[in-house]
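Participant: Here is my input, please return the structure:
(2 chains)
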2 protein chains.
Amino acid sequence: MKKAEEVSVIPIPFPTEIRPGDSLAEKLLAAMRFHNLSLKQHDVVVVKHKIVSKSEGQLVDLATITPSPASRVWARRYKLDARVVELAVAQSARIVRRKRGILITQTRHGFVCANSGVDVSNVDGGTHALLLPRDPDRSAARLRSALKRSLGISVAVIITDSFGRPWREGLSEVAIGVAGFSPLRDYRGQRDSHGYPLHASIDAVADELACAAGLVCGKLDRVPAAIIRGFLYHSGRGSAGELIRPSRHDLFR
Amino acid sequence: MKKAEEVSVIPIPFPTEIRPGDSLAEKLLAAMRFHNLSLKQHDVVVVKHKIVSKSEGQLVDLATITPSPASRVWARRYKLDARVVELAVAQSARIVRRKRGILITQTRHGFVCANSGVDVSNVDGGTHALLLPRDPDRSAARLRSALKRSLGISVAVIITDSFGRPWREGLSEVAIGVAGFSPLRDYRGQRDSHGYPLHASIDAVADELACAAGLVCGKLDRVPAAIIRGFLYHSGRGSAGELIRPSRHDLFR
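Facilitator: Below you'll find the model as predicted:
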């Protein structure tokens, strides 16, 4: 029997905060040097979107936001910050649900999540809100290229966020940007060890990698990135858009 | 800065198939001996539900199932096995969606998933269907106790299945049974490094652990279990029921 491989999830704590204009690749490489960590060919580099958005300057000064009357009414009713509500609505392509103080939207990228991914925690104490990266696949590809230039090796890159899920409690990590690999693994057409064909068997490997990285990237520690080593992915072009179910296939719309 | 810990995900391939009546703990210990693997205090043992259900005899001979006329019509229309459809309906507490050949139900345990978790792949080539364990938390607790008796150490146990998700393509692993730890990690009331209070911050750690194990438990390999080492969980009683969102809190019903 072929020996299955162990997978390692290695945290990359950042010794300093990321600021707008910082090079994400340089900060990541500096953090790895600081901790005597190195990257190997075929590693997966998982990065929380917050440091991507910060480096790209996707920050909005909440003092510049004038909430609409509707946002104000809603925010007052549920004790929310009306400026954050306004921003979440402005960042959405579509409102999916608005109920009991929770606003679920579809973002311009196509992601369905709370508040269009607009976040005020782990930013700067409540003055600014952080938006999702404009084009997370492109951010991932840029980081991948920079790492290849610096180190001469090819890695896969995932940019993550924490999303809620219908029916299940708790947030879990998802891939919102990928580069260098296929985020889905398709078993259809293959057969199990009994010769039975596998039908509904497409695995969201990018989301599973995101979750694995989430185990070492706690919310309260400054660990915004991780290396996953030993996972055999399918190299190639990939987009987090492949993880978004087209509305015509979605049973829940 | 405190050094964050690396997390390892160690596959446990099984040299032999599990059969009804087999002791899951004995089979797991035998597989670990076969591969020179050992368990350590505070490891997480992740087990795919299929071997749990098999050992518990949760198999149904499809020849004994007489589909209702409704199941026959539905199955013919979408080229499905009417006996599996019938079994999925019989195993459900509630039909959530029935659309385009896909049947989403809520199981007696409360899980929302396709076909009530009834499965025919990786069973015996299409003669029998496999049901979810009757009480996956109890199965997890039983395995945890048996490992404690045999090895004298305390581990956390997770029993997993692959579920689809609304809005996102691909299956991902979820915890359907847990023992020895809290499946959710609650950050509410804590503050980020800028002093900003964390609001919507409950992480589904059991599902993230399930996904991490999924990276080494491929569908086509005989790797039905894994050890996760280095993850600091909150010991204590826990139930996968905590991961089920009560219907009154679910925005999507």
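
Participant: Please enumerate the strands of the stretch 51-200 of chain A.
Facilitator: Under the criterion DSSP state E, counting those that start in this stretch, strands of the stretch 51-200 of chain A are mapped to A:59-61, A:92-99, A:102-107, A:112-114, A:128-130, A:156-163, A:172-179, A:185-186.

Participant: CSV for these, including mean neighbour count and distance to A:Arg19?
Facilitator: Quick note: C-beta positions are derived from backbone N, CA and C, even for glycine. Formatted as CSV, the entries for the strands of the stretch 51-200 of chain A read as follows, by neighbours: other CB atoms under 10 Å in any protein chain shown; distance: least, CB to CB, whole Å:
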stretch, mean neighbour count, distance to A:Arg19
strand A:59-61, 15, 10
strand A:92-99, 14, 27
strand A:102-107, 21, 24
strand A:112-114, 23, 25
strand A:128-130, 21, 12
strand A:156-163, 27, 18
strand A:172-179, 28, 20
strand A:185-186, 16, 37
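
Participant: Can you give me the neighbour number for the residue of the stretch 51-200 of chain A at minimum distance from chain B?
Facilitator: When CB to the nearest CB is the measure, the stretch 51-200 of chain A has its nearest residue to chain B at A:Gly170, with 2.9 Å between them. By other CB atoms under 10 Å in any protein chain shown, 22 other residues sit near A:Gly170.

Participant: Now the residue lying closest to it once chain neighbours are set aside: phi and psi?
Facilitator: Of all residues not flanking A:Gly170 in the chain, B:Ala204 sits nearest, at 2.9 Å (CB to CB, 6 or more residues apart in numbering or on different chains). For B:Ala204, the backbone dihedrals are phi -90, psi 70 (criterion: degrees, to the nearest 10).

Participant: which stretch among the strands of the stretch 51-200 of chain A comes nearest B:Ala146?
Facilitator: Closest to B:Ala146 of those, according to CB to CB: strand A:172-179, at 29.3 Å.

Participant: strand partners of the closest one, parallel vs antiparallel please.
Facilitator: According to DSSP bridges, strand A:172-179 has the following sheet partners: strand A:156-163 (antiparallel).

Participant: tell me the contacts of A:Gly195?
Facilitator: A:Gly195 makes contact with B:Gly125 under the criterion CB atoms under 8 Å, 6 or more residues apart in numbering or on different chains.

Participant: A:Ser182 too?
Facilitator: Taking CB under 8 Å, 6+ apart, we find A:Ser182 in contact with A:Val205, A:Tyr233, A:His234, A:Gly236, A:Gly238, A:Glu242.

Participant: One more: A:Ile244?
Facilitator: For A:Ile244, the set of contacting residues under the criterion of CB under 8 Å, 6+ apart consists of A:His109, A:Gly110, A:Phe111, B:Trp167, B:Arg168, B:Glu169.

Participant: Next: A:Tyr196.
Facilitator: For A:Tyr196, the contacting residues are B:Val120, B:Ser121, B:Asn122, B:Val123, B:Gly125, B:Gly126, by CB under 8 Å, 6+ apart.

Participant: Adding pLDDT, write the contacts of A:Ser182 out as TSV.
Facilitator: Listed next are these as TSV, based on pLDDT from 0 to 100:
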residue	pLDDT
A:Val205	97
A:Tyr233	94
A:His234	90
A:Gly236	92
A:Gly238	95
A:Glu242	96
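
Participant: Which residue ranges of the stretch 1-150 of chain A form helices?
Facilitator: If DSSP state H, counting those that start in this stretch is used as the criterion, the helices of the stretch 1-150 of chain A fall at A:24-34, A:49-55, A:69-77, A:82-90, A:136-151.

Participant: Make JSON lines from those and add mean neighbour count and mean pLDDT to it.
Facilitator: Listed next are these as JSON lines, based on neighbours: other CB atoms under 10 Å in any protein chain shown; pLDDT from 0 to 100:
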{"stretch": "helix A:24-34", "mean neighbour count": "18", "mean pLDDT": "97"}
{"stretch": "helix A:49-55", "mean neighbour count": "24", "mean pLDDT": "96"}
{"stretch": "helix A:69-77", "mean neighbour count": "14", "mean pLDDT": "95"}
{"stretch": "helix A:82-90", "mean neighbour count": "21", "mean pLDDT": "96"}
{"stretch": "helix A:136-151", "mean neighbour count": "19", "mean pLDDT": "98"}
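
Participant: possible to save the ones you listed as JSON lines with distance to chain B?
Facilitator: As requested, those are exported to JSON lines (distance: least, CB to the nearest CB, whole Å):
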{"stretch": "helix A:24-34", "distance to chain B": "9"}
{"stretch": "helix A:49-55", "distance to chain B": "10"}
{"stretch": "helix A:69-77", "distance to chain B": "13"}
{"stretch": "helix A:82-90", "distance to chain B": "11"}
{"stretch": "helix A:136-151", "distance to chain B": "15"}
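
Participant: Is it possible to get JSON lines of the ones you listed that adds distance to B:Ser116?
Facilitator: Conversion of the helices of the stretch 1-150 of chain A to JSON lines gives the following (distance: least, CB to CB, whole Å):
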{"stretch": "helix A:24-34", "distance to B:Ser116": "44"}
{"stretch": "helix A:49-55", "distance to B:Ser116": "35"}
{"stretch": "helix A:69-77", "distance to B:Ser116": "38"}
{"stretch": "helix A:82-90", "distance to B:Ser116": "36"}
{"stretch": "helix A:136-151", "distance to B:Ser116": "35"}
